[in-house]
Structures are given as structure tokens and as C-alpha cells.
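Peer 1: give me coordinates for this.
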Amino acid sequence: MQGFYEENALVSVQTTQPLDRLLDYRAPEGGCHQGAFVEVPLGPRKVIGVVWGPGQGNFDYSKIRQVIRVLDVAPMREEMRAFLERCGAYTLTPMNAMLRLATRAPGLGDPPSMQKVYSLGEGEPPRMTDARRRVLDACGEMGGLSLTLKELAEAAGVTTSVVKGLVKSGAVREEQTPRDTGFPILDPEHGGKELTADQQTAAEALQQGQASHAYNTVLLKGVTGSGKTEVYLEAVAEALRQGRQALVLLPEIALTAEFLTRIEARFGAKPAEWHSGVTMTERRRVWRMVAQGHAQVVVGARSALFLPFQRLGLVVVDEEHDTSYKQDDGVLYNARDMAVLRASILGAQVVLASATPSLESWNNAEAGKYKRVILSSRYGPAVLPEMRTIDMRREDLPSNRWISPSLQRAVATRIERKEQSLLFLNRRGYAPVTLCRACGQQIGCDDCDARMVEHRFLKRLVCHQCGESKPMPDKCPSCEAEDRLAPVGPGVERLAEEAQELFPEARIAVLSSDLYGTARELKGQIEAIAAGAADIIIGTQLVAKGHNFPLLTLVGVIDSDLGLQGSDLRAAERTFQLMRQVAGRAGRAEKPGTALLQTFQPEHPVIRAILAGDEEAFWKAELDERRAATMPPFGRLAGIILSGEDPAKVFDLGNHLARNDAPLRRVGATIYGPAPAPIARVRGRHRVRMLVKAPKDVMLQRALAEWAGQVQLKGDLRLSIDIDPQSFF
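Peer 2: Below you'll find the model as predicted:
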């Protein structure tokens, strides 16, 4: 039991406000426990905080204010506090920001209450209108879940009066329910599938690790389509049998719809969801029910790792190699690594699942830090796709076309067979560059140094760095020449246009995150494609993330060389992972699949490794290169991002830091830079990067904190430290 503080005893409270210290308060009437969520006065405001421990006592007691009240939510557990402190120390993040991550649910301070919710009724409206149809469709899409009046009206794009009219006719049901209710009980014995011998061996290994009640991390490596999900769901089942909670992290919100269906089929009910597509009402419910132990399984995005679990016994990180697990703004953390940290504090199990593991995880398994469980064959009759290159140097292809004759013939064959083809290009929009043929000007963002990307479906130019957009101009913004603007290079929209010309009778679907207004729309499109609603799928890396299209037998990678250029430390690794993942979408059912890689460099080592399928040899070669350069995982990196409105002041700050590097030199670290960031201006702020490299065994965070603490940031200057950077932009 955490410590109890009598009424008026001094307690220190951590708030989510931008303060660099704990604040002293007097315990409220009736006292409070350590870890209690409380409401406290701060100036004229009332803010939420957590009782962190005894007060500091270095302030006039008569002026210390009292805690207003203890919130009616489960107190923060000791392990959660330890996790936030250690995560903050590792990422050099202030505790107020860490606490914000752990309290990202609205209305935590609200008392329990009832609310009106709305769901699909059994009646029929006397007259059907487009607005009424949208309300009924929105109710149907929620799969039996209820929405508040505001949420339903917003989901359908109608006024609340339309919903109320449907209530009167019985077409929409109105009910009074508690604001927050528990989730259905999941049954671990409900619907387990018959596993292959390979899967059964892997499942037993995971179950043994779960039954040990001791910290352990397992790298579950299985080829695409091998049934990794069914295997780790057996570990989830074991956690449920022991009365423990489980968390499954997914890299992409679009994966959740199919995954929730699989959870329901396996355990008889749907789990809790936590991601940006969940309503605010549901977020509060999930947070509260997780804290009370009334949500056994949570499926979510990376931030679900900071939910207040009571009995967390298992964390699954699906597609653990995926870069979306790294948060690149605010708190700069890697959810994969922090999952391992949280499990080590709890004595829980982590399962890292991937067909193409990250080099760090693969190396940890090689070194014996992680246990390795391997699935080497696809489930059922499915076999791995045949992989071949198309040498673009030998293809007769016009300069404004990107689908080679060889790939065109392969797609035509699949259409005749009523099978699906996927054309993969990792570029959103219509064209990455818009060029004026009169003056040569490339249209750039007004607030960034990035080129603006034409999105023809939206009829707008969009900056993929800051999100700024503007209508597609009729004339050059620089020289004002008319009809001289030309798209340069392909994006998925332009590729779809070309495919429609080549295959006029084909049904073409474009899968790109920026083409869908809501997560629900994207989920619906993916489900429709899986059911056969498209002949040709045009997609970005979104399609590489675990989707299962049973009719898909051909994958054509338009530009296999795209990721091989540049100085990114992980360029080869990411290209290898992405190509293997995309190719793995083909032939996942009974019909065999083929993957064709269009490339101008068929002899490139990465391309050859992809074709050979010898992943072990590729990882070893990559590790040898990293070891020779003492780069991660054999060294440590920290990215330093300096920014401000005046580039001279930003560079002055960088040069000052570079000259005063004694704290870093004392631990054997080397600093590189300052240098302009590859994209040197974002949202009007000039950016300068520095890189700190250190031996693997160095306590780099302490040295970085001392080094950065030498300067006092003035005006609009900002300094951000990214431990273990994944991106160098």
C-alpha cells in the first residue's frame, strides 16, 4: 500500500503544468494516499496533479494552500510512477510532460454521472433524407457501440436536431447509461484455432514465458503470413487465465478493424481501443476501466503504453520494426524500447513480433538478451511469393510513364484471372515537385524549405513537413507565366491516373493516409478491398502494415531504388524491411503470389538480399558495418535540434555548444555540427542539427543534461534532444 498522508500533512504534487519542480500542498480533509490524483489550486486556476510524495517543507507553511479534492479515479501505482520517472530520465523529458502522456483522457476530474447515448434503433423514419441516412449509416458503422448526441451528429455531419427527429421515430435509440462502464469479459477458452505444429511450439514458448511471472522479452520472428498473430494471441489467452491484463500495440490505426474482429473471434468479445480515431467519451472510459482492471485487453497505438494498467502481464509490439513507434514531437520516445522498460519494472512479458525485425532487436536476440521464437513457413496452403526484379534499363518506357511493359503484362494477366494486383510507391500525392517550365522555379512551402506536393484529388499543394496547404495556382508564383507549371515525378495519385489509362476497365483503389477524412473511412476502404472491391490497389507504405488481401497475387514495386539513396544510417535496413513486407502481401491465400521489383540497380546488395531472402546474411552484414563504425546498436547517438526565427542566432547557439563540449568529452562522446538540417526551415523556424556519438556503455543522458544546461535559451530559441534518433531531418 502506498503511503498515506493525514489531513494538512505536507505533500508534493506533480502537475501537468510547464513547471520544473514539484509543488507543496497541504493534504485535503480526510487525507490522501501517495499516487492519488488530485485537484489543486495554481494561481487563479484549478489543475490536475498526482501526489508524488511527502512535501519539501522549504516554504512558509502558513502560505501553503490545501489540495482541493481527491479525484474519484484509481490512484497511480508505484510501478507507473517509476516507469514515468525512468522514461523521463532516459529521454531527458520533464516530469510534467511525462504526466501529460499518462493523463490523456478528458474529464478525469468529473464525478461519475449518467449520460444519454444513441445507437441504431428498430424503427423506420417516416421519410428518408440524405442527412437521416448518414445518421443511420454512422450508427451502423459503430458496430453496436453508442455515441453521445454531439459525437453522432459530428460523425454523420448533421445537426443534433436530425438525430432527435430519428429518436422520435424509433430509428435511433436513446438511452441513459453510466458515463464509464466496464468492457465485456474475454474468454481465453472461447475460439482458439487449430495451430500447426510450428505455431503450437511457438505458442507454448510464449505461454511458458507468460506463466513465469518474471520479466522476459521474446522476439517472435515469422515470415509474412505465418500466423504470428494467432501465436501471440495464445500468450494473451494465458495472461487472461492468470487474471492479468494485456496490451497489444499496432503501428497503424487502419489495422485495428481487422484485428478487433480477430480478437472477438478468439475471445468472444471486443477489447478496449486506444488511438486517435477513438472518441473522447470512449478515451475517458478506456482510461478509467484500465485503471480499475475492467479492461482485460487493450489494442492501441504507441501512447497506450502510458495507460494506468492495474495488472499488466503482457505487452505485444506487433510489427516492432515499424518507425511509427517512434514519437517525433513532444516527448521523443520509442514505444518498442519503452515497452521493454515498463515490462522490466513490472516483471511482465514483452513479445516483439515482426517478419523483418529491427536490427537492434535482432542483435539483442543474437546476444541472448531476448529469446527468439521463429515461424519459418506460411500458414495453411499459402507459400511465400516468388520475387524477381524488372531491370528498368532494359525496358522501353517513355519518360512520363512509370509502369514498365513487363509489369503491365503481369497486371493484365491478374485482371483476366480475377485476381488483385498491388502497385506500391512510397510517395503520397500526385507529384513530389511542381516546376515552372518558364523560369525553373519549384513551388515551395512559404513556411518551410520543403517542396510542396501536388494533391490532384484535393486540387491543392500540400507541405508534408508542416501540413500547410494552398490551392493549386493557375500561374507561376515567381514569374507569373500561365500554363507552364508541370508535375515532376510520380506520386500514388499520378500512378493511379496512369493505371486507369492502361487498364480502363479495371477497378482501381488508392490507399494513402491523406485521402481519407477519418480513420473509419480508411478502415472501410481496406475492408472493401479485402472483399474484392478493387482489381488494382495503388498504395504507399500504409499497405505494408499487416493487411491481408486474400485475392492479391501480384505486387509491383514501382521504385525499389527510392530508399537506397541518401546518408540515413538505416536506409538499407528500412528498404529491406519495406520491400519484404510489401512483397509479403502477395499470395497469402491458396493462390501463389509474385513480387516484381522495378529497379535501375538490380546488382545493388540490398536488392540482391531481398531477392535471395537470406535475412540472416543481410542482418549479419549490416551488423558488421555498424560494428566497424561503432554505430547503433554498437554505439549511442543523440540528435540535437536547435531552432529559432533568426538563423544567425540559432547557429550562434550551436557554435557555442560545440565549443563548450567538455561534459561530453569527459565521457568519450564526440559532437558533430552544427549544420543546417536537411529541411532547414519548418513552420517559419530555422533548424540546425548536431549529432552526439558515444560508446555504448556511456551514461550519455547525464552528460547531455550538463552540456545543454550550460546555456540559457533566450527569446524564441529552442533546444531539443532526441535520444536514439530514428530520423535525421
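Peer 1: could you use CA atoms for every contact and neighbour count after this?
Peer 2: Fine.
Peer 1: C32 touches V70, doesn't it?
Peer 2: Yes: shown here, C32 and V70 form a contact pair, counting by Cα atoms under 8 Å, at 7.2 Å.
Peer 1: which neighbours do these two share?
Peer 2: The overlap between the contact sets of C32 and V70 (Cα atoms under 8 Å, 6 or more residues apart in numbering) is empty.
Peer 1: count the residues that sit near D449.
Peer 2: Neighbour count of D449, defined by other Cα atoms under 10 Å: 19.
Peer 1: phi, psi for it please.
Peer 2: phi -90, psi 0 (degrees, to the nearest 10).
Peer 1: check D514 too.
Peer 2: Dihedral angles for D514 - degrees, to the nearest 10 - are phi -90, psi 0.
Peer 1: tell me the pLDDT at the nearest residue to it once chain neighbours are set aside?
Peer 2: Among residues not flanking D514 along the chain, R428 sits closest, at 7.7 Å (Cα to Cα, 6 or more residues apart in numbering). For R428, the pLDDT comes out at 86.
Peer 1: one more: A254?
Peer 2: 68.
Peer 1: quick revisit: quick one: what helix or strand has the residue nearest to D514 in it?
Peer 2: R428 belongs to no helix or strand when assigned by DSSP states H and E.
Peer 1: then I679?
Peer 2: strand 670-682.
Peer 1: same thing with V667?
Peer 2: V667 belongs to no helix or strand, assigned by DSSP H and E.
Peer 1: backbone dihedrals for it, both of them.
Peer 2: phi -100, psi 10.
Peer 1: wait, isn't it in contact with D697?
Peer 2: No: between V667 and D697 there is no contact under Cα under 8 Å: 9.8 Å.
Peer 1: okay, those two: which has more neighbours?
Peer 2: A count of neighbours by other Cα under 10 Å puts V667 above the other of V667 and D697, at 16 against 10.
Peer 1: and the nearest residue to that one once chain neighbours are set aside, helix, strand or coil?
Peer 2: Excluding the flanking residues, the one nearest V667 by Cα to Cα, 6+ apart is V698, at 6.5 Å. Classification of V698 using DSSP: H, G, I helix; E, B strand; the rest coil returns coil.
Peer 1: same check, this time on E360
Peer 2: Three-state secondary structure (criterion: three-state DSSP) places E360 in helix.
Peer 1: could you do the one 4 residues further on as well?
Peer 2: When classified by three-state DSSP, N364 comes out as helix.
Peer 1: repeat that for the one 10 residues further on.
Peer 2: The assignment at I374 comes out as strand when based on three-state DSSP.
Peer 1: for L233, same thing?
Peer 2: Taking three-state DSSP, the label given to L233 is helix.
Peer 1: quick check: it vs M142, distance?
Peer 2: 24 Å (Cα to Cα, to the nearest Å).
Peer 1: one more: P592?
Peer 2: 35 Å.
Peer 1: cool, G584 as well?
Peer 2: Distance from G584 to M142, by Cα to Cα: 31 Å.
Peer 1: phi first, then psi, for T389.
Peer 2: According to degrees, to the nearest 10, T389 has phi -100, psi 150.
Peer 1: tell me the bridge partners for it.
Peer 2: L597 (DSSP bridges).
Peer 1: and it, what pLDDT?
Peer 2: For T389, the predicted pLDDT is 95.
Peer 1: need the contact list for it.
Peer 2: So T389 contacts L596, L597, Q598, T599, P602, L611 (Cα under 8 Å, 6+ apart).
Peer 1: same list (those residues) but as CSV, adding neighbour count and distance to V488.
Peer 2: Putting those into CSV (neighbours: other Cα atoms under 10 Å; distance: Cα to Cα, whole Å) gives the following:
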residue, neighbour count, distance to V488
L596, 23, 24
L597, 27, 22
Q598, 25, 19
T599, 20, 19
P602, 20, 24
L611, 20, 30
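Peer 1: that older thread, P592 and M142: which is more packed in?
Peer 2: P592 (17 against 14).
Peer 1: that one in helix, strand or coil?
Peer 2: From three-state DSSP, the assignment for P592 is coil.
Peer 1: that one contacts L551, correct?
Peer 2: No: counting by Cα under 8 Å, P592 sits too far from L551 to count as a contact (10.1 Å).
Peer 1: now for those two: what residues contact both?
Peer 2: Contacts common to P592 and L551, judged by Cα under 8 Å, 6+ apart, are absent.
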